[in-house]
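Novice: sequence isn't available, so here's the structure alone:
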């Protein structure tokens, strides 16, 4: 590359740099111009407000601030109250497993052929019942109580139907068996009751359908 070409390249690079600097300066000028315009606009708006209007604006801002502070205070009070009322919710939910294990142990012992009708079994069952009742008593003192199920109508908010049982002596949807006891902690559900509900026998359903067809 000869001296003339090198000189020409230097001139081109310098020209491009000058153009870039000029463009940057122009962009900065436009940005500053826009910012000055916004400030001027805000200044004009403030100058247009009368003292009474400014006072009303301040009152409105102050009212909004107080309203937000009150809402935050109420949220804090509600969270504090819930923490106090339901602080043991998770612990209580886990503790229900102890009751379940006691009931399972009792059922296993009672179904053991070697232990049936023995004094040893009677004493064991008595102790298991004492522990079970003590736990229920402790739960009750802490506002944790079992959900009523047997002979109650199925409530999806409290009960979970696991199976249906044909039973013409009960209205359809009546709980006839409790598979697992459910519990409430005050007005909050700890766990639903697992239940079996009644349904009409197939023959009775067919008879009713036939009656309906005849009446039509």
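Specialist: Okay, I see it. Since the model is a prediction, treat every value here as computed from it, not as a measurement.
Novice: same for the helix or strand hosting residue 126, what does it pack against?
Specialist: Per DSSP states H and E: residue 126 is located in helix 119-141. Counting contacts by 3 or more CB pairs under 8 Å, 6 or more residues apart in numbering; DSSP states H and E, helix 119-141 is packed against helix 89-110. For the C-beta atoms, the positions are set from N, CA and C on the backbone; glycine is no exception.
Novice: and the angle for the helix it packs on with helix 119-141?
Specialist: Between helix 89-110 and helix 119-141, the angle comes out at 160 degrees (axes from the mean of the first three to the mean of the last three CA atoms, to 10 degrees).
Novice: on contacts alone, who are the packing partners of helix 89-110?
Specialist: helix 119-141, strand 183-185, strand 188-191.
Novice: quick one: mean pLDDT for the shortest one?
Specialist: Per-residue pLDDT over strand 183-185 has a mean of 93.
Novice: what strands flank it, and is each parallel or antiparallel?
Specialist: Strand 183-185 pairs in its sheet with strand 144-146 (antiparallel), strand 188-191 (antiparallel), by DSSP bridges.
Novice: reformat these into CSV and put distance to residue 133, mean neighbour count and mean pLDDT next to each item.
Specialist: CSV is the format used below for the strands paired with strand 183-185 (distance: least, CB to CB, whole Å; neighbours: other CB atoms under 10 Å; pLDDT from 0 to 100):
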stretch, distance to residue 133, mean neighbour count, mean pLDDT
strand 144-146, 12, 18, 92
strand 188-191, 19, 16, 92
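Novice: what stretches of this structure score poorly on pLDDT?
Specialist: Within the chain, the stretches with pLDDT under 70 are 1-49, 79-80, 82-87, 202-216.
Novice: now do the helices in it.
Specialist: For the chain, applying DSSP state H gives helices covering 3-48, 51-86, 89-110, 119-141, 202-215.
Novice: tabulate the helices and strands packed on helix 89-110 (a markdown table), appending distance to residue 153.
Specialist: Below are those laid out as a markdown table (distance: least, CB to CB, whole Å):
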| stretch | distance to residue 153 |
| --- | --- |
| helix 119-141 | 24 |
| strand 183-185 | 17 |
| strand 188-191 | 17 |
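Novice: hang on, the earlier thing: and residue 51, which of the strands paired with strand 183-185 is closest to it?
Specialist: Between residue 51 and the strands paired with strand 183-185, the tightest spacing by CB to CB is seen for strand 188-191, at 54.5 Å.
Novice: what comes into contact with the closest one?
Specialist: 86, 89, 92-93, 96, 144, 157-158, 182-184 (CB atoms under 8 Å, 6 or more residues apart in numbering).
Novice: one more time with 6 Å
Specialist: 93, 182-183 (CB atoms under 6 Å, 6 or more residues apart in numbering).
Novice: which of the strands paired with strand 183-185 sits closest to residue 78?
Specialist: strand 188-191 (14.2 Å).
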